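[1] Got a predicted structure plus its sequence, pasted below:
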2 protein chains.
Amino acid sequence: MSLLVMGTVALDDIETSRGTRKDLLGGSGAHCAMSASLFAPVHLVGIVGEDFPKRHISLLRSKGVDLTSVEVSGGKTFHWTGAYDARDWNTAVTKQTELGVLQNYVPRITEEQSRAPYVFLANNAPDLQKSILDQVRDPKLIGLDSMNLWIVNMRKSLLKLLKRVDLFVANDREAQMLTGESNLYSAARALRKMGPRFIVIKKGEHGVIFICDEFQFSFPAFPVTRVVDPTGAGDTFAGGLMGYLTRTGRLTKTNFKRACLYATVCASFNVEGFGPSRTAPLTMPDVEDRLKVFLNFI
Amino acid sequence: MSLLVMGTVALDDIETSRGTRKDLLGGSGAHCAMSASLFAPVHLVGIVGEDFPKRHISLLRSKGVDLTSVEVSGGKTFHWTGAYDARDWNTAVTKQTELGVLQNYVPRITEEQSRAPYVFLANNAPDLQKSILDQVRDPKLIGLDSMNLWIVNMRKSLLKLLKRVDLFVANDREAQMLTGESNLYSAARALRKMGPRFIVIKKGEHGVIFICDEFQFSFPAFPVTRVVDPTGAGDTFAGGLMGYLTRTGRLTKTNFKRACLYATVCASFNVEGFGPSRTAPLTMPDVEDRLKVFLNFI
């Protein structure tokens, strides 16, 4: 079983109370694919420019991520510059966004990839996400992520997408923004009514809520005391979640819970370093070790 | 085994998005005692004025709370008027505080009460809390709660108290305010260094964190979708926690976790109605039923 991940592949310039880094490997697709690749074969779909460093390509390849559908185009890679205030790690302050080659991107996947049983549309413009939905052939499970920008500016397109996917991953503020419900359980129920059977609400340091018609569960985040850079934590979470579901296949409560536990553990590594510095060298034994600690904590 | 609870006994006027109520039975001591009385015999220590309604006395008595040391004094009962914004149930906006008989109160307990093995100093002025500490004789476990007002205005007195208690219960903002640490695990560790062996951080809708030198754990809150009035939720939590510890006596991880689970369930009832409207009629079977649902959720 394999997972098709479409999302951005970016260069990130990030400033936090722990320091400043430039040209980090970033983007929703890259973070998600790296995390998912711990659990299952991953095909990444995206675009980069001619300026994209070879070391980033090598890193993704070393994680076993299939880059056949990562287009290298003339022009500049999508570049994000952002900062965080240490008192609120949940809010990224965007300083600059250069779309570059993302601007005229039309995603294309291979014949083999169109038959991927698991698909995750990481945060990206809804029209790009739709393009992948139109190309895949009846996958077993389709997951979707989005962000405040699209909720505000592309609400109609996003609502249409929600009717076509099985699982929706949102952070608490996105869930509230999209539904108008401040109570997160009410928001989750409202999202369920918008289409997806499975709703996952990420609450950052406060953990996760999962709801579907048959069951619901929640648990806290891994107790990280030294956050360095939370960029990509949500994508890393989604990668762990979808990767584990791809590997195991069962859409049961036990399995969804296990998937969210692994996802939480993966995300906890992500926030401990800049960009992919902590997730890049991550192995399954590292993940299993921390999962044991986590299971003893919750 | 019995529990001595000292705290305020108040009349509350409360306004939330669900309505307005006047002269509700309130106060940290009253909420805490009602909750704790589900688990163990409780002696309440506090003061009320001549205006204190008999129905509130009857309610406390009907819950089995010993009122021997609740002084009825000439003057007015401590009266709190507050409101909540539905978008932030965690922040009470105080509109008016009339101290009344609380102003010149000197707590006195009986000879029997001074030998209570479990003591909880619910939120109150640090000098009143100290007065009880000076009267009890080597109890097995002393718990303490406080609030932002005392953290800001009576910091030194509060720090002295912290050195004399075993368990400290704080909400997330109080923990951050008292320690200057924004990360809650760092804040909990800093609180541990201030004296108490056991630190409980209440995160409202996001649940609870418990830390001590030997172990730590966390779990989410019960998924309440319709909050009506959160006043006293923290006191109700503390009552459930201390009540369960009083009943069972063991200071083990399993038992502290169980105590926090019961505390969470008790608090979840509290927020569903104005004042004690949901906690007053509560029985252990109600609590056990909801605990089962909760254990299936976490």
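    Cool, got the structure.
[2] can we go C-alpha only for contacts and neighbour counts from here?
    Noted.
[3] Report pLDDT for A:Gly46.
    At A:Gly46, the pLDDT value in this model is 98.
[4] same thing with A:Asp213?
    Here the pLDDT value assigned to A:Asp213 is 98.
[5] Could you verify my assumption that it touches A:Arg197?
    Yes. Judged on C-alpha atoms under 8 Å, A:Asp213 makes contact with A:Arg197 at a distance of 7.4 Å.
[6] The two: which is more packed in?
    A:Arg197 (18 against 10; other C-alpha atoms under 10 Å in any protein chain shown).
[7] Distance-wise, check the more buried one relative to chain B.
    18 Å (C-alpha to the nearest C-alpha, to the nearest Å).
[8] Name the helix or strand for the residue nearest the centre of chain A, please.
    By C-alpha atoms, centre = their mean, the mean C-alpha position of chain A lies nearest to A:Asp235, the distance being 2.2 Å. Assessed by DSSP states H and E, A:Asp235 sits inside helix A:233-248.
[9] Contacts for that helix, please.
    With contacts defined as C-alpha atoms under 8 Å, 6 or more residues apart in numbering or on different chains, helix A:233-248 is touched by A:1-3, A:28-29, A:31-40, A:117-118, A:120, A:122, A:143, A:169, A:171, A:202, A:251, A:255-256, A:259-260, A:262-268, A:270-271.
[10] Quick check: A:Leu11 is in a strand.
    Yes. Membership of A:Leu11 in a strand is supported by DSSP: H, G, I helix; E, B strand; the rest coil.
[11] That one: neighbour count?
    Neighbour count for A:Leu11, taken as other C-alpha under 10 Å: 25.
[12] Which residues does it form beta bridges with?
    A:Leu25, A:His79 (DSSP bridges).
[13] Beta-bridge partners for the residue in the stretch 101-250 of chain A that chain B sits nearest to, please?
    Going by C-alpha to the nearest C-alpha, chain B is nearest to A:Phe217 of the stretch 101-250 of chain A, at 4.5 Å. Beta-bridge partners for A:Phe217, by DSSP bridges, are A:Phe210.
[14] Regarding chain A, what is its longest strand?
    Assignment by DSSP state E gives strand A:88-98 as the longest strand of chain A.
[15] got the contact list for that strand?
    So strand A:88-98 is contacted by A:Phe78, A:His79, A:Trp80, A:Thr81, A:Gly82, A:Ala83, A:Tyr84, A:Asp85, A:Gly204, A:Pro230, A:Thr231 (C-alpha under 8 Å, 6+ apart).
[16] Could you confirm A:Arg137 falls within a strand?
    No. Counting by three-state DSSP, A:Arg137 is not part of a strand but coil.
[17] burial of it, as a residue count?
    A:Arg137 has 14 nearby residues by other C-alpha under 10 Å.
[18] which residues does it contact?
    Residues counted as contacts of A:Arg137 (C-alpha under 8 Å, 6+ apart) are A:Ser114, A:Arg115, A:Ala116.
[19] give me phi/psi at the last one?
    Main-chain torsions, A:Ala116, degrees, to the nearest 10: phi -60, psi 130.
[20] before we move on, back to that, what is the nearest of the contacts of A:Arg137 to A:Lys63?
    Nearest to A:Lys63 among the contacts of A:Arg137: A:Ala116, at 18.8 Å, using C-alpha to C-alpha.
[21] Which neighbouring residues are in contact with the closest one, exactly?
    A:Met1, A:Ser2, A:Leu3, A:Leu4, A:Val136, A:Arg137, A:Pro139.
[22] Spit out the contact partners of the fifth one.
    Just to be clear, that refers to A:Val136. So A:Val136 contacts A:Gln113, A:Ser114, A:Arg115, A:Ala116 (C-alpha under 8 Å, 6+ apart).
[23] circling back: got the CA positions of the longest strand of chain A in CSV?
    The C-alpha coordinates for strand A:88-98 follow below in CSV (Å, rounded to 0.1, in the frame of the first residue of the first chain):
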residue,chain,number,x,y,z
ASP,A,88,2.4,31.8,21.3
TRP,A,89,4.0,29.0,19.3
ASN,A,90,0.7,28.3,17.7
THR,A,91,0.7,31.4,15.6
ALA,A,92,3.1,31.8,12.7
VAL,A,93,3.6,35.5,11.7
THR,A,94,4.1,35.5,7.9
LYS,A,95,6.7,38.1,6.9
GLN,A,96,6.9,37.3,3.2
THR,A,97,5.5,34.8,0.8
GLU,A,98,7.0,34.4,-2.7
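[24] wait, does whichever strand or helix holds A:Asp286 make contact with chain B?
    Per DSSP H and E, A:Asp286 falls inside helix A:284-297. Yes. Helix A:284-297 is in contact with chain B by C-alpha under 8 Å from any C-alpha of the partner chain, via A:Asn296, A:Phe297.
[25] Identify each buried residue in that helix, please.
    For helix A:284-297, a neighbour-count test (16 or more other C-alpha atoms under 10 Å in any protein chain shown) marks A:Val287, A:Arg290, A:Leu291, A:Phe294, A:Phe297 as buried.
[26] Give me the contact list for that helix.
    Counting by C-alpha under 8 Å, 6+ apart, A:Leu38, A:Phe222, A:Leu261, A:Tyr262, A:Val265, A:Cys266, B:Gln216, B:Phe217, B:Ser218 sit against helix A:284-297.
[27] Pretty sure the fourth one sits in a helix.
    Yes. For A:Tyr262, which was evaluated using three-state DSSP, the result is membership in a helix.
[28] which residue sits closest to it, ignoring its sequence neighbours?
    Sequence neighbours aside, A:Gly240 is the residue nearest to A:Tyr262 in space, at 5.9 Å (criterion: C-alpha to C-alpha, 6 or more residues apart in numbering or on different chains).
[29] what's the distance between the one you found and B:Thr77?
    56 Å (C-alpha to C-alpha, to the nearest Å).
[30] and the two? which has more neighbours close in?
    A:Gly240 (30 against 24).
[31] mind giving me a markdown table with the contacts of A:Val136 and columns for secondary structure, distance to B:Ser277 and pLDDT?
    Converted to a markdown table, these look like this (DSSP: H, G, I helix; E, B strand; the rest coil; distance: C-alpha to C-alpha, whole Å; pLDDT from 0 to 100):
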| residue | secondary structure | distance to B:Ser277 | pLDDT |
| --- | --- | --- | --- |
| A:Gln113 | helix | 58 | 98 |
| A:Ser114 | helix | 57 | 98 |
| A:Arg115 | helix | 57 | 97 |
| A:Ala116 | coil | 54 | 98 |
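[32] So which of those wins on neighbours?
    Busiest of the contacts of A:Val136 [other C-alpha under 10 Å] is A:Gln113, holding 24 neighbours.
[33] contacting residues for that one?
    Here A:Gln113 is in contact with A:Leu4, A:His43, A:Val136 (criterion: C-alpha under 8 Å, 6+ apart).
[34] mind redoing it with 10 Å?
    Contact partners of A:Gln113, counting by C-alpha atoms under 10 Å, 6 or more residues apart in numbering or on different chains, are A:2-5, A:42-45, A:68-69, A:119, A:135-137.
[35] can you tell me which two in those residues are farthest apart?
    Maximum distance among these (C-alpha to C-alpha): 18.5 Å, for A:Thr68 and A:Arg137.
[36] Just the contacts of helix A:233-248: which are in strands?
    A:Leu3, A:Tyr118, A:Phe120, A:Gly143, A:Val169, A:Asn171, A:Lys202.
[37] Pick out the most distant pair among the contacts of helix A:284-297.
    A:Leu38 and B:Gln216 (28.2 Å).
[38] what about these two, which has more around it?
    Neighbours per residue (other C-alpha under 10 Å) separate A:Leu38 from B:Gln216, with A:Leu38 holding more: 23 against 20.
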